[in-house]
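# Quick one: sequence and predicted model below, then my questions.
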Amino acid sequence: MDSEQKDKLKLSLVILLSLAAAGGILTLAIAFPGALQAFAPLLKRYKPNTLKPNYLKRNLRLLEEQGLVTISEHDDKIKIQITQKGKTKVLEYEAEKLIIKKQEPWDKKWRVVIFDIPEKKKSAREIFRKKLTDLGFKKIQHSVWRQKYPCFSEIEFLANLYQIRPYVNLIEGEVTRF
């Protein structure tokens with residue numbers, strides 16, 4: 001992927017994140033005046049004068065073609081709305097950024113994730129395992145993983161994102177040696 005393609009991908013993601021932050025809907029004047037200002041908080045990383053309205057329009061149309069947003073015109077205004085598929089894309093991006101913060105000093109408690117995800121959700125199970133590894137979990141058994149640090153919200157987020165919540169349990173406790 002060349003740098004122009006990466007820039008388009010980044011801009012598309014910025015648009016989706018902006019829409020999600022704005023409650024999922026953005027209404028702009030039909031000629032798009034000031035459209036870039038609507039995305040200003042997330043556009044800080046772009047060089048001045050590199051984003052032109054036509055570039056933004058192209059990216060919006062691409063997002064629409066991918067089914068990530070819907071664009072409708074009414075009364076000289078354009079309504080851009082994030083779709084469920086677009087919301088999922090935003091959540092997937094957020095999942096990529098997830099980290100579990102180390103707690104110093106360690107509270108001597110282990111967090112153990114146990115799951116029994118059915119075969120019909122095999123791809124979600126594999127993605128979940130990969131994410132556990134990325135988050136620093138250690139495998140005890142194929143569906144039993146442990147972590148030293150608090151991670152309830154991260155596991156809950158992933159279980160909901162991958163639609164496997166009923167199959168995932170998190171246990172927190174101390175290990176006693178005999």
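Nice, thanks for sending it over. Fair warning: this is a prediction, and the values are worked out from it, not measured in the lab.
# quick one: buried residues of stretch 153-173?
154, 155, 158, 159, 161, 162, 164, 167, 168, 170 (16 or more other CB atoms under 10 Å). Every C-beta, even on glycine, is put in place using the N, C-alpha and C of the backbone.
# now the third one, nearest residue through space, not along the chain?
So the one you mean is residue 158. Excluding the flanking residues, the one nearest residue 158 by CB to CB, 6 or more residues apart in numbering is residue 131, at 5.7 Å.
# just to revisit the earlier point, identify the farthest-apart pair in the buried residues of stretch 153-173.
Maximum pairwise distance in the buried residues of stretch 153-173, criterion CB to CB, is 16.7 Å, between 154 and 167.
# okay but residue 16 is in contact with residue 69, surely?
Yes. Applying CB atoms under 8 Å as the test, residue 16 and residue 69 come out as touching, 7.5 Å apart.
# How is the protein partitioned into domains?
With domains defined by automatic domain parsing, the chain comprises 3-95, 100-173.
# Using CSV, please lay out those together with mean pLDDT.
Compiled in CSV, the domains of the chain are given as follows (pLDDT from 0 to 100):
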stretch, mean pLDDT
domain 3-95, 70
domain 100-173, 96
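# circling back: residues that sit against both of residue 16 and residue 69, list them.
63, 82, 86 (CB atoms under 8 Å, 6 or more residues apart in numbering).
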